[in-house]
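J.: below is the sequence, then the predicted model.
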Amino acid sequence: MVNKKNRYYIFALVLFIFLFLQITFLPQTFSNLYSPNIVLILLIAFAVADKSEYVLFFSFICGIIFDIVSIKHFGSTTISMIFTMFIILYLCSVFLKKTLSYNLFLVSIIGVVAYNIIYVFLININNLSTIISNASNIILIILFQTIISLVLIFPITNFFSCKNEK
Amino acid sequence: MDNMKKENRKKNQIFIFLVVFSLLLIFLNSVGHLNSPKNYFIYVINSISNSFQISSNNFNDVLNTLSKIDKLKKENSDLRENNLNIKYELSNLKEIKRENDLLKEQLGFANSICSLGGCFNWTMGRITSRESNNFGKSIVINLGKKYDVEEGFSVVAAGGLLIGKVVEVFDDFSKVMLITDSNSSINAIAQDTRANGVIQGSYGTGVRLEMINQVENLVVGDLVITSGLDENIPKGLILGKISTIKESPNQVFKSADIDLFIDLNHIEEIFIARK
C-alpha cells in the first residue's frame, strides 16, 4: 500500500516508463496483434484503485502523446482514452462499492473492450462496411488485450490501492 | 451523499472540459498549427527508438530461431541444392550482363525505371520507428522534404516489393502507411491471369485482393503486382502471391488472400520511388 500523497508521483513515473516502452520498444519487438497496450492497462488499474478524477488528466496526456506519433486520425486515441476512463469511473462509483475480485474482472474487461470499440469506430467512421468484414481480426485483438489486462490488473491495483487508509 | 454528488459533478465537468479541449486540438491539427511541435516531438522519439531497434531485432531473431529449428534444417538442405543450380545460371548471366553493359553504354541509359505511369528514380532510406497502434500499420523513415519526398510516393523494399506509400512529409522524415493498414488501397493485377483488383490492408495483419470481377480467373500461387494505375506507383512492383480464393455466386465481386514475401516488422532499409 502506498502513501496517498506520494501515490500520484509514483504513478506518473511508472506511467511515463510504460509510455516510453510502448512508443519505442514494444512496436519493434512484437507484431501488431501481440503488442500489449500496457498504458491502457495501467490507467484502468489506477482508475479502479484510486477512483479520482486525476486519471482523466493522465489519460488525456497519454492520448495526446500517442496521437502525435500516430500517422492519421489525430485525436482518436485521446477521445477513446478519456471516454474509457470516464466509463470506468462511472462504473466504479455505481457498481464497485467493494473492491471484489469479480467486480475488478468485470470492470477491466469493460474498460479494454470499450476503448478498442470506441477507437475502431472513430478511425472507421467513413468505412463501416470494412469493420463488419474484418470483425474477426478486431475480435482477436480485443480478446488478446483483455487477457493481458486480466493478468496485469491485480498486482497493479493492489500496489496503488488505498483501501487500508482512512 | 452531498459529497458524492459534488465529486461526480466535478468529474463530469473535467470530462467535458477535456473532450472540448481534445476537439480543439483536433481542429488545430487539421489546419496545420500543430506541425511544428509534432516535428520536434517525433524527432526526439525517433532518436530514442533508433537505439532500441537493434536490440529488439536481435531479441526477435533469437525467438524466431528457437521456434523454427526443424524448418531451418530442411530449408538449409533445399538451399544447398538451389545454390548449385544458381551458380550455373550465374555464370551464364555474367556473360549476358557484360553484353548488356556494352549496349547500355551505347544507348546512354539513365539510372531510372520507365513504365506505364512514367519514369522513376530510386532513393534509399532507413526505417527509424514504427507506430505503436494495434489497428493500423505505419512507419517513419529518415527521408523528408530535404530529399524532395512528397505525399503519395511509393515505398519499396529490396527486390521491388511494395510495402507502402508516403502519407505525411516533414523536413527530415516522413510517415509511411504500410499496405497492411486498413486505409491502404492500391490497384493491382494478377501476373498470369491479368485479373484486375484492389489490394486492401486488413488492420495490420495482412492484405487482400478485393473487387475482382466474377468473370476474371484467379490461380493460387499467382504473383500479384501493381498495375501502374495509381499516380506515383510504378507498374510491376511485387505485392505478394495469391494464397486462397474466396468466391460465391451471390457476391458481385470475388476476393483473394495474399501472402506477402517479406515480414514488414523486420525491414530496415527501404527505397522511395520519385518521379
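T.: Okay, I see it. Numbering: from 1, shown residues only, chains lettered A, B, ... in the order given.
J.: let's check: the centremost residue of chain A is which one?
T.: With distances taken as CA atoms, centre = their mean, residue A:40 lies nearest the centre of chain A, 2.2 Å away.
J.: residue contacts, that residue?
T.: By CB atoms under 8 Å, 6 or more residues apart in numbering or on different chains, the residues touching residue A:40 are A:81, A:84, A:111-112, A:115, A:145, A:149. Every residue, glycine included, has its C-beta placed from N, CA and C.
J.: whether the longest strand along chain B contacts chain A - can you check?
T.: Counting by DSSP state E, the longest strand found in chain B is strand B:118-130. Yes: against chain A, strand B:118-130 shows contacts by CB under 8 Å from any CB of the partner chain at B:129-130.
J.: buried residues, that strand. List them.
T.: B:120, B:125, B:127-130 (16 or more other CB atoms under 10 Å in any protein chain shown).
J.: can I get the following helix or strand past it in PDB? Just the C-alpha atoms.
T.: Sequence-wise, the next helix or strand downstream of strand B:118-130 (DSSP states H and E) is strand B:138-141. These are the backbone C-alpha positions of strand B:138-141, laid out as PDB (Å, rounded to 0.1, in the frame of the first residue of the first chain):
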ATOM      1  CA  SER B 138       2.700   2.700 -40.300                       C
ATOM      2  CA  ILE B 139       6.400   3.500 -40.100                       C
ATOM      3  CA  VAL B 140       8.600   6.600 -40.000                       C
ATOM      4  CA  ILE B 141      11.500   6.900 -42.500                       C
END
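J.: and the strands in chain A?
T.: According to DSSP E, chain A contains no strands.
J.: longest helix in chain A, please.
T.: Looking across chain A with DSSP state H, the single longest helix is helix A:135-160.
J.: shaky segments in the chain?
T.: This is for chain A. Counting by pLDDT under 70, the low-confidence segments of chain A come to A:1-5, A:28-29, A:31-34, A:71, A:96-102, A:125-136, A:161-166.
J.: hmm, no, I was thinking of chain B.
T.: B:1, B:52-56, B:84, B:88, B:91-92, B:95, B:98-99, B:102-119, B:132-136, B:275.
J.: so who does residue B:76 touch?
T.: Taking CB under 8 Å, 6+ apart, one finds nothing in contact with residue B:76.
J.: got phi/psi on it?
T.: When read as degrees, to the nearest 10, the backbone of residue B:76 gives phi -60, psi -50.
J.: separation between it and chain A?
T.: Distance of residue B:76 to chain A, computed by CB to the nearest CB, to the nearest Å: 25 Å.
J.: who's in contact with the nearest residue to residue B:124 once chain neighbours are set aside?
T.: Closest residue to residue B:124 apart from its sequence neighbours, by CB to CB, 6 or more residues apart in numbering or on different chains: residue B:271 at 5.5 Å. Residues counted as contacts of residue B:271 (CB under 8 Å, 6+ apart) are B:122-125, B:155-158.
J.: how about whichever helix or strand residue B:271 is part of: buried residues?
T.: Assigned by DSSP H and E, residue B:271 falls within strand B:269-274. Residues of strand B:269-274 classed as buried by neighbour count (16+ other CB under 10 Å): B:270-274.
J.: which of the residues you listed sits closest to chain A?
T.: If you rank these by distance to chain A using CB to the nearest CB, residue B:270 comes first, at 15.2 Å.
J.: list the contacts for the closest one?
T.: Contacts of residue B:270 by CB under 8 Å, 6+ apart are B:124-127, B:141, B:155-157, B:163, B:176.
J.: which among those residues gets closest to residue A:11?
T.: Checking those against residue A:11 with CB to CB, the nearest one is residue B:127 at 33.1 Å.
J.: burial measure for the nearest residue to the closest one once chain neighbours are set aside, as a count.
T.: Excluding the flanking residues, the one nearest residue B:127 by CB to CB, 6+ apart is residue B:139, at 5.1 Å. Neighbour count of residue B:139, defined by other CB atoms under 10 Å in any protein chain shown: 23.
J.: could you do residue A:158 as well?
T.: Neighbour tally, residue A:158, other CB under 10 Å: 13.
J.: by neighbours, which of the contacts of residue A:40 wins?
T.: Busiest of the contacts of residue A:40 [other CB under 10 Å] is residue A:81, holding 29 neighbours.
J.: so that one is in contact with residue A:61, correct?
T.: No: in this structure residue A:81 lies outside contact range of residue A:61 using CB atoms under 8 Å: 9.3 Å.
J.: show me the helices in chain A, by range?
T.: A:4-24, A:26-29, A:38-50, A:54-69, A:76-94, A:101-123, A:128-133, A:135-160.
J.: angle of the longest one against helix A:101-123?
T.: Read that as helix A:135-160. 130 degrees (axes from the mean of the first three to the mean of the last three CA atoms, to 10 degrees).
J.: counting contacts, what elements does helix A:135-160 pack onto?
T.: helix A:4-24, helix A:38-50, helix A:101-123 (3 or more CB pairs under 8 Å, 6 or more residues apart in numbering or on different chains; DSSP states H and E).
J.: for that helix, which positions count as buried?
T.: Neighbour count says helix A:135-160 has A:137-138, A:141-142, A:144-146, A:148-149, A:152-153, A:156-157, A:159-160 buried, by 16+ other CB under 10 Å.
J.: now do stretch B:167-176: distance to the chain's middle.
T.: Relative to its chain's centre, stretch B:167-176 lies at 14 Å (CA atoms, centre = their mean, to the nearest Å).
J.: now swap in stretch A:149-162 and tell me
T.: For stretch A:149-162, the distance to the chain centre is 13 Å (CA atoms, centre = their mean).
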